[in-house]
Structures are given as structure tokens and as C-alpha cells.
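K.L.:
build me a model:
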Amino acid sequence: EAESDLESFEGVDDDARRVLELERRSYEKNARVPPELEAKRAALSASAYGAWVKARAENDFASFEPVLRDCFETAAELARAQRGDDGGEEGKSNGEASSSVPLYTQMLDEFEMGMEAERIDEVFEE
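P.N.:
All right, here's what the predicted structure looks like:
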């Protein structure tokens, strides 16, 4: 359905069509995130930066560890929401709700679209 919607834009070149596809993908993923979770992520991100600056200045990583753990847990919660999970550990990395790939791959897709966790492991092993 989404693809046929994009095809209806006559005169749109391939580059513009791709931009529209990516924007739709982003919108559909982010529309699944409850406002409370997005607010939590934003507040945590802001406070984490300050905590990191302080921990770094004092050379005290241990004080930052709980904040970092909260960041990871919130990122995982956000990824599950974006793919429409009910709390399972699997999902699809193309922005659609599904249960076909690991949660980490879903999270990685935010930064390297289409990259799988296994490939990242290979890159770091090289």
C-alpha cells in the first residue's frame, strides 16, 4: 500500500521517491512510540549528557554506569516500540512490525540501515 501511494506521485524522480520512502519509514516507526516513552528518552538523554561530562571531568566512570544502563534499557524499549513489539526479543529492521531479527539489529538499523549485527561483528573482527 505504501509503495502504491508513492507511485501516485507523478513526476517525482527516483531520488525524491527514495527520500519519501525513508521519511515514511521513519514516520511509521516513530508513530508507534508512546509519547511517554519519547519524553522519557528525551529527558534521559539531556540528563545523561550532564552526568557524562561530570563523570569524565572527575575520571569517575562508575558514577556514570547507572545512567548508561538506563540509556541502554530505554533504547531497547524504544526499539521494541518502534517495531510494534509486545515485549518480545525479535523484530524486523525495515521499520515494519515483525519478529524476524534480533533486537540489536533493530537498534542498529537506526544508524546503519540494513546492517545486521552479524556483519558488524565481522567488521570488528577484521
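
K.L.:
use CA for all of it now, contacts and neighbours both
P.N.:
Noted.

K.L.:
can you list the low-confidence ranges for this protein?
P.N.:
Applying pLDDT under 70 to the chain flags the ranges 1-9, 86-99, 101.

K.L.:
spell out the residue ranges of the strands in this protein.
P.N.:
Along the chain, the segments classed as strands by DSSP state E run 90-91, 101-102.

K.L.:
distance of Val53 relative to Arg41?
P.N.:
18 Å (Cα to Cα, to the nearest Å).

K.L.:
let me fix that, I meant to ask about Ser26.
P.N.:
17 Å.

K.L.:
more neighbours, the two?
P.N.:
Between Ser26 and Arg41, counted using other Cα atoms under 10 Å, Arg41 has the larger neighbour count: 18 against 15.

K.L.:
how about that one: what's its closest non-neighbour residue?
P.N.:
Thr74 (6.5 Å; Cα to Cα, 6 or more residues apart in numbering).

K.L.:
how about Glu38?
P.N.:
Leu78 (7.8 Å).

K.L.:
and the protein, what are its domain boundaries?
P.N.:
Taking automatic domain parsing as the criterion, the chain consists of the domains 1-31, 35-82, 83-126.
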